[in-house]
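> here is my input; please provide its structure:
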Amino acid sequence: MAKKKERNCPCGSRIAFSKCCKYPKFGNTSEEIKKKITRVIVLTFDYIGENRGETCLYVSTLIKDLLVEFGIKSYVVAGSSKWKNISTFYDWKPPLQFHAWVITEYGEVIDLACDALTKRKDMQGRTGITSPKRCWEKELSDREYIGKDFGAKSLQFDRNGYKLIKSQALKLLRN
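Numbers count the residues shown, from 1 in each chain. Just a heads-up that it's a prediction; the model follows:
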């Protein structure tokens with residue numbers, strides 16, 4: 001029987017997942033880096049006129065790429081998400097229903113798109129709905145994320161459009 005080959009880490013290191021990011025390293029992303037990246041994400045999507053709540057895959061990919069600028073490995077995960085006391089949730093039903101987030105080499109879960117869910121086009125006119133708060137945490141108590149294997153890689157992604165988003169973000173990061 002042939003031995004199953006382990007997949008490479010989704011962080012892009014080209015190292016086996018079990019030897020790279022599968023098991024979190026000790027440490028955290030510094031507060032300064034968290035603030036910079038959060039600021040750049042919000043300003044970038046505001047500048048280009050895209051709602052973060054509708055573009056979670058692009059938000060997450062940009063977070064991953066910005067973390068690289070600080071030497072921090074991470075990977076994008078897509079799947080289902082549920083938040084406590086929030087009626088909105090996303091099951092894994094691509095291409096229309098899914099959510100994307102980031103996991104750092106330290107085991108931190110980053111979701112900088114969920115706080116804009118109430119601004120989505122499909123939420124307009126609905127009252128009494130609140131968005132979850134942004135997340136950059138190791139321990140999750142107010143939400144559940146269930147990643148789908150190869151979920152983020154299976155989704156359609158406009159690489160040319162993303163280049164423009166990333167270019168704007170890198171300008172803001174360097175200012």
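
> buried sites along the longest helix anywhere in the chain?
When the chain is parsed with DSSP state H, its longest helix is helix 31-48. Using 16 or more other C-beta atoms under 10 Å as the burial criterion, the residues of helix 31-48 that qualify are 33-34, 36-38, 40-42, 44-45. Bear in mind the C-beta positions are built from the backbone N, C-alpha and C, glycine included.

> with stretch 78-87 instead?
For stretch 78-87, by 16+ other C-beta under 10 Å, it's 78-81, 83, 86.

> quick one: that stretch to chain centroid distance?
In terms of C-alpha atoms, centre = their mean, to the nearest Å, the centre of stretch 78-87 is found 14 Å from the chain centre.

> for it, measure first residue to last.
Taking C-alpha to C-alpha, to the nearest Å, stretch 78-87 runs 20 Å from one end to the other.

> helix or strand right after the longest helix of the chain?
Toward the C-terminus, helix 31-48 is succeeded by helix 56-69 as the next helix or strand (DSSP states H and E).

> can you map out the helices along this protein?
31-48, 56-69, 151-154, 159-174.

> so which of these comes closest to Pro94?
Pro94 sits nearest to helix 151-154 of all these, at 6.7 Å, using C-beta to C-beta.

> what's next to that closest one, contact-wise?
10, 57, 60, 75-79, 92, 94, 98, 100, 148 (C-beta atoms under 8 Å, 6 or more residues apart in numbering).

> list the buried residues for it?
151-152.

> what do you get for stretch 148-166?
Within stretch 148-166, the residues that count as buried by 16+ other C-beta under 10 Å are 148, 151-152, 165-166.

> and for stretch 134-146?
Buried residues in stretch 134-146 (16+ other C-beta under 10 Å): 134-136, 143, 145.

> didn't Val42 look like it was pressed against Arg52?
Yes - contact status for Val42 versus Arg52: in contact at 7.4 Å, counting by C-beta atoms under 8 Å.
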